[in-house]
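Asker: Next input, structure requested:
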Amino acid sequence: MVIDAFERGEVGVALQPLVELGTGRVVGYEALCRPPARFGGPEAFFGRCLKEGCGEEADRRMWRLAFLAFMRSRRRGLLFLNATLPGFLAGPGVLARGAPPVPAVVELSERGSCGPEEIVRAALLWRQEGFRVAFDDVWPGCPGLSAATRVMPEYLKAGKRALREGGGAFLRELVRTAATWNGVVVAEGIESRRDIEVVRDAGVQVGQGWYFGRPVPVVC
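Answerer: Sure, this is the predicted structure:
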């Protein structure tokens with residue numbers, strides 16, 4: 001099975017910084033999965049895990065690996081963890097019951113195949129265990145935006161598509177929406193000074209992308 005790559009020690013972790021645009025301060029890092037090249041990248045790797053019925057277990061193994069990498073790297077700030085829909089709905093229990101070993105945010109990107117009530121219930125479980133919640137890869141017209149007003153995620157992450165297609169107008173609206181529950185908007189895919197100008201003018205608080213730093217592999 002694809003998930004056996006974890007047992008063989010073939011899955012790596014890379015950390016990419018998230019930067020506060022007003023100060024340049026690093027506020028956290030996203031843990032990115034680095035599976036063996038033969039699987040064609042993280043999306044394809046987790047897609048195969050889901051098809052084989054082990055998406056939730058793949059999430060849990062990746063989260064444990066991410067916590068280990070983050071703590072060994074001695075970096076500070078929030079640790080952002082990606083979650084498949086099955087992994088998110090199943091709730092935390094990442095290492096053991098109780099608060100995470102470092103301040104952590106669980107990111108959900110795929111939200112279209114279940115009702116908002118399920119996501120709201122799962123978000124409550126995560127928060128009860130000390131995690132914060134993020135909606136990842138938000139873009140103009142994506143179905144997840146309607147659920148955001150009910151889940152009220154602490155972070156709304158606007159993907160590269162939002163920056164390229166929606167531009168400043170979409171980002172400004174996203175900032176206004178998130179502000180109704182004190183949420184923070186993160187602009188992903190920032191690659192140039194022009195991108196910085198667009199997101200700053202829109203009032204976006206946090207940025208992520210190659211402009212600030214590429215993902216750095218961490219030896220676990």
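Asker: I'd guessed residue 177 sits against residue 146; true?
Answerer: No: between residue 177 and residue 146 there is no contact under CB atoms under 8 Å: 10.9 Å. Quick note: C-beta positions are derived from backbone N, CA and C, even for glycine.
Asker: more crowded one of the two?
Answerer: A side-by-side neighbour count of residue 177 and residue 146, using other CB atoms under 10 Å, places residue 177 first with 16 against 10.
Asker: what's near enough to touch that one?
Answerer: Counting by CB atoms under 8 Å, 6 or more residues apart in numbering, residue 177 makes contact with 145, 148, 149, 156, 183.
Asker: so it, which of the three states?
Answerer: Judged by DSSP: H, G, I helix; E, B strand; the rest coil, the three-state class of residue 177 is helix.
Asker: pLDDT (mean, whole number) over stretch 157-172?
Answerer: Averaged across stretch 157-172, pLDDT comes to 89.
Asker: Now do the buried residues in it.
Answerer: Within stretch 157-172, the residues that count as buried by 16 or more other CB atoms under 10 Å are 157, 158, 159, 160, 161, 162, 163, 166, 168, 170, 171, 172.
Asker: ok, now stretch 87-96?
Answerer: 87, 88, 89, 90, 91, 92, 94.
Asker: show me where this structure has strands.
Answerer: 12-20, 26-34, 78-83, 104-108, 132-138, 155-158, 184-187, 206-207, 216-218 (DSSP state E).
Asker: In JSON lines, list those strands along with distance to residue 58.
Answerer: What follows is these, written out as JSON lines (distance: least, CB to CB, whole Å):
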{"stretch": "strand 12-20", "distance to residue 58": "14"}
{"stretch": "strand 26-34", "distance to residue 58": "9"}
{"stretch": "strand 78-83", "distance to residue 58": "10"}
{"stretch": "strand 104-108", "distance to residue 58": "15"}
{"stretch": "strand 132-138", "distance to residue 58": "17"}
{"stretch": "strand 155-158", "distance to residue 58": "21"}
{"stretch": "strand 184-187", "distance to residue 58": "24"}
{"stretch": "strand 206-207", "distance to residue 58": "27"}
{"stretch": "strand 216-218", "distance to residue 58": "19"}
